[in-house]
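Engineer: Next come a sequence and a model predicted from it.
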Amino acid sequence: MIGPYNSEVDDVSFALKRVLPPVLVIVFILAIWQVLTVTKVFSETQFPTMTSTMAALGNALVSPILWQAVGATLEGWIVGLIIASVLALIVGSLLASSTLAFRASAATIEVFKSIPAVAILPIVILVLGSTMNMKIFLISFGVFWPLLIQVIYGVRSMDPTVRDTAKILGVRGVRRFLVVTMPSAAPYIATGLRIASIGALILAVVAELVGGAAGIGRNILIAENGGSAQYALMYAYIIVAGFLGIILTGLFTLIETRVMHWHESQRNARSNEESAK
Amino acid sequence: MRDLASVETQRTGAPLSGVIASEIDIAEGAEYAGATSTGSQPGGSPKRRKRTARKALMTVVLAIGLPIILLVVWWILSANSHSPYFPPLSKILDQFWKLWIIGPAKAQLVPSLSHLAIGYVGGSLIGIISGVLLWRLPAVRRATSPVVYFLYVLPAPALLPALIAIFGIGEMRQIALIAFGAIWPTLLNTLDGMRGVDQVKFDSAKAMRLSPVRTVWSVVLPGASPQIAAGLRAGLQVSIILMVISEMVASTGGIGYFILQSQANLALVAMWTGILMLAIIGTVLNYLFVGVEHRVLAWFYGSRALEGR
């Protein structure tokens, strides 16, 4: 467009265009929620009003009970994720380095991956009790297999030119692992970690909800058991669980876009956006 | 804009057997482009066919070798076990036969699997259709993206108590929970796959004067299908987990109920049979999915094997 260009005005209107619609949608949903509950389309025994839920959320945010629960959930999440990642990196790199080992183990790994981790929950509860260790074990077991597959995938997909170059240059052992193997497998591992971080959060909530370990999941169930007077608090906790998901996934998405900005699907998406502008 | 953080890429969770198949293809040489390891190549010489058959047999032996070894190790290690938590495998298999094959427990499979089927198929359909709609309506997509993203990352099991409050403890909340889990990965992957479709393809569609519906049906959906499949696979796994936990909390039937009930009654051998059954269900469903996916997306895996050459 020809004419005087005022970048400041443009930025403001652009920001408005981008930020306003999502905000309006959220406000609209909250308003509908309030209307439906105040007019008793949903009774109080099913659904608390939006305002009472927000009040409960406000109270919860300043109470130590919520933060202890969030801390317990996060502790299980991070420890479980670290154990699973370290094991998957070691086992995955070893298996991927030998075609025979990889082929022999592939079917077994897939079977273990398809076992829903919750299946072993009852025996884990029996052996470890409703403890943090139980939660950590469940998370590690659940996310280890998909991570392992991503590591194997990443290591196997190494560019043959890179592999041959490393061979000719005599890069071996730990150095080869750090300088050649890891960088080329990094995009796969980053994607695996992001998926695993969601899986780990789901399993943490399951361990708390079904297994009774301390954490946000247990608090949600306790609030539900407290009857309809506690429902506002229950929804407040659910909202907190959702925000936990946003923060944790956002973190790993950031890492991932960093590591795989060159990947084809990302480039296509970017160029499509540009041409759509 | 990057309105919804990208979800599973095609590579994520793709079956390892796919890698093996493509690696075999590469080993078989150019004549075997895109061929599977079954060795049914019309043009191949008998000698070559024999070699392919032997390789296929080798693959199968390798694949089932380790599981058999693991089962034998489990059998031997647990044979004299007196720990109540880890009963001998022989006892578990014996009970498994009595309970699940000829016995009463197989009735528990009916509610579980029917809830899963209804919830998963319903949720997936909703996911794909809303994905297409949101892709067609960028303004709506941008406006709803924070809400959609929130619902995607919200750990679905956390909703179970809320659904109990809304629907009571009946079947409806189990189906609703399973469907909820299936919707979001499918929706986001559909969207993401469509956004990843090459711009050239749109230009071609435009040049050929395809109608918008036709463009979506024959250009965009096929182009996005590998990613949609990845979303469906992720959705299936979440759905199975949700099926089990919806039966473990405030329920009166289903395999999850059976496992937790056996645990509560300290019938630990029965509990182990339930775990075994669940493992079998998960594995069978996963392999079924991969089988269908490979059939439907044969063109995609074929071209990827070529690329990997």
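Structural biologist: That came in fine, so what should we check first?

Engineer: Count the neighbours of residue A:67 for me.
Structural biologist: For residue A:67, the count of nearby residues is 13 (other CB atoms under 10 Å in any protein chain shown). For every residue, glycine as well, the C-beta is placed using N, CA and C.

Engineer: close to chain B, is whichever strand or helix holds it?
Structural biologist: With secondary structure defined by DSSP states H and E, residue A:67 is part of helix A:64-96. No - Helix A:64-96 lies out of reach of chain B by CB under 8 Å from any CB of the partner chain, never closer than 9.4 Å.

Engineer: Now do the next helix or strand after that helix: which elements does it pack against?
Structural biologist: Downstream of helix A:64-96, the next assigned helix or strand under DSSP H and E is helix A:99-114. The contact analysis (3 or more CB pairs under 8 Å, 6 or more residues apart in numbering or on different chains; DSSP states H and E) places helix A:99-114 against helix A:64-96, helix A:132-156, helix B:16-28, helix B:46-78, helix B:268-296.

Engineer: Run through who's touching the helix or strand just after the second one.
Structural biologist: Moving toward the C-terminus from helix A:132-156, the first helix or strand encountered (DSSP H and E) is helix A:160-168. Residues outside helix A:160-168 that contact it (CB atoms under 8 Å, 6 or more residues apart in numbering or on different chains) are A:176, A:179, A:180, A:184.

Engineer: same thing but 10 Å
Structural biologist: For helix A:160-168, the external contacting residues (CB atoms under 10 Å, 6 or more residues apart in numbering or on different chains) are A:158-159, A:171-172, A:175-176, A:179-181, A:183-184, B:308-309.

Engineer: Quick one: buried ones out of these?
Structural biologist: Buried residues within those, defined by neighbour count using 16 or more other CB atoms under 10 Å in any protein chain shown: A:158, A:176, A:180, A:181, A:184.

Engineer: Can you show me the helices along the stretch 151-277 of chain A?
Structural biologist: For the stretch 151-277 of chain A, helices defined by DSSP state H, counting those that start in this stretch occupy the ranges A:160-168, A:173-176, A:182-209, A:216-225, A:231-259, A:264-276.

Engineer: Now for the most centrally placed residue in chain A: which residues touch it?
Structural biologist: Against the mean C-alpha coordinate of chain A, by CA atoms, centre = their mean, the closest residue is residue A:198 at 2.4 Å. By CB under 10 Å, 6+ apart, residue A:198 lies in contact with A:143, A:245, A:248, A:249, A:252, B:7, B:152, B:153, B:155, B:185, B:234, B:238.

Engineer: The second one is in contact with residue A:253, isn't it?
Structural biologist: No - taking contact to mean CB atoms under 10 Å, the distance of 11.6 Å between residue A:245 and residue A:253 leaves them out of contact.

Engineer: Neighbour count: these two, which is higher?
Structural biologist: Here residue A:245 and residue A:253 are compared on neighbour count by other CB under 10 Å; more neighbours surround residue A:245, at 24 against 20.

Engineer: Okay, the residue nearest to the centre of chain A and residue A:148: tell me how far apart.
Structural biologist: Residue A:198 sits 17 Å away from residue A:148, going by CB to CB, to the nearest Å.
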